[in-house]
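Enquirer: below is the structure, and that's it, no one-letter string:
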């Protein structure tokens, strides 16, 4: 069963590496080491997912946004 993310931190550890701490709602923390490239891929994946879900979650209509910009 999937856990619910409560919080996370990203800490630089030098040489382009970072430590990710992912804490669930029960207070259990998982720790991962990731490089810059891996974090960049995570960011891209999150952005793509949020962009694809934006209309459903936020009720955003791209046509309305474009009309407001043109005004």
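Expert: Done, it's in. Just so you know, these numbers come straight off a predicted model, no measurement behind them.
Enquirer: spatially central residue (nearest the centroid) of this protein, please.
Expert: Most central in the chain under C-alpha atoms, centre = their mean is residue 46, positioned 4.4 Å from the mean C-alpha point.
Enquirer: tell me what the helix or strand harbouring residue 53 is packed against?
Expert: Element membership of residue 53 [criterion: DSSP states H and E] is helix 36-58. Other elements packing on helix 36-58 under the criterion 3 or more C-beta pairs under 8 Å, 6 or more residues apart in numbering; DSSP states H and E are strand 17-24. Quick note: C-beta positions are derived from backbone N, CA and C, even for glycine.
Enquirer: now residue 5: how far from residue 41?
Expert: Counting by C-beta to C-beta, to the nearest Å, the gap between residue 5 and residue 41 amounts to 18 Å.
Enquirer: contact partners for residue 29?
Expert: Residues in contact with residue 29 (C-beta atoms under 8 Å, 6 or more residues apart in numbering) are 21-23.
Enquirer: shaky segments in the protein?
Expert: In the predicted model, the chain carries pLDDT under 70 at residues 60-71.
Enquirer: what's near enough to touch residue 18?
Expert: Contact analysis of residue 18 by C-beta under 8 Å, 6+ apart lists 10-12, 33-36, 39.
Enquirer: PyMOL command for the buried members of the residues you listed?
Expert: For selection in PyMOL, the members of the contacts of residue 18 meeting the burial criterion (16 or more other C-beta atoms under 10 Å) are listed in this command:
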select buried, resi 34
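Enquirer: identify each buried residue in stretch 8-22, please.
Expert: Judged by neighbour count using 16+ other C-beta under 10 Å, the buried positions of stretch 8-22 are 18, 20, 22.
Enquirer: for residue 47, see how far away residue 27 is.
Expert: Using C-beta to C-beta, one gets 29 Å for the distance from residue 27 to residue 47.
Enquirer: er, residue 7 I mean
Expert: Distance, residue 7 to residue 47, by C-beta to C-beta: 20 Å.
Enquirer: with residue 26 instead?
Expert: For residue 26 relative to residue 47 (C-beta to C-beta), the value is 29 Å.
Enquirer: again, but for residue 59
Expert: Distance of residue 59 to residue 47, computed by C-beta to C-beta: 19 Å.
Enquirer: ok, residue 39 next?
Expert: Distance of residue 39 to residue 47, given as C-beta to C-beta: 13 Å.
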